[in-house]
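Peer 1: No letters, just coordinates:
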């Protein structure tokens, strides 16, 4: 799972027609890739930076350690999945 610290990124989904479909633009403070990390599968979307970006990554094992220590934060994040 990833957190966008600085910059802007576009999110695309590739459908069966292999044509990328624009989904949204993510801004600083947003997270993405959480569903793939949580379900331990490949991501169904592609994220392309629009400008210079700083992105922080969080391994799923670390997420579960944080979730045990801060259950309210984990509950908030899980609502996105």
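Peer 2: All right, it came through fine. Fair warning: this is a prediction, and the values are worked out from it, not measured in the lab. Numbers count the residues shown, from 1 in each chain.
Peer 1: Now do the same contact list for the most centrally placed residue in the chain.
Peer 2: The residue lying closest to the centre of the chain (C-alpha atoms, centre = their mean) is residue 32, at 1.0 Å. Under the criterion of C-beta atoms under 8 Å, 6 or more residues apart in numbering, the contact list for residue 32 reads 1, 2, 4, 9, 11, 26, 45, 47. All C-beta spots, glycine's among them, are computed from the backbone N, C-alpha and C.
Peer 1: Could you point out which residue ranges in this structure have low pLDDT?
Peer 2: 77-81 (pLDDT under 70).
Peer 1: hey, which helix is longest across this protein?
Peer 2: If you go by DSSP state H, the chain has its longest helix at helix 60-69.
Peer 1: chain center to it: distance?
Peer 2: 16 Å (C-alpha atoms, centre = their mean, to the nearest Å).
Peer 1: Run through who's touching it.
Peer 2: Outside of helix 60-69, the residues within contact range by C-beta under 8 Å, 6+ apart are 1, 37, 38, 40, 58, 73, 74, 77.
Peer 1: Show the subsequent helix or strand relative to it.
Peer 2: Counting by DSSP states H and E, the next helix or strand C-terminal to helix 60-69 is helix 71-78.
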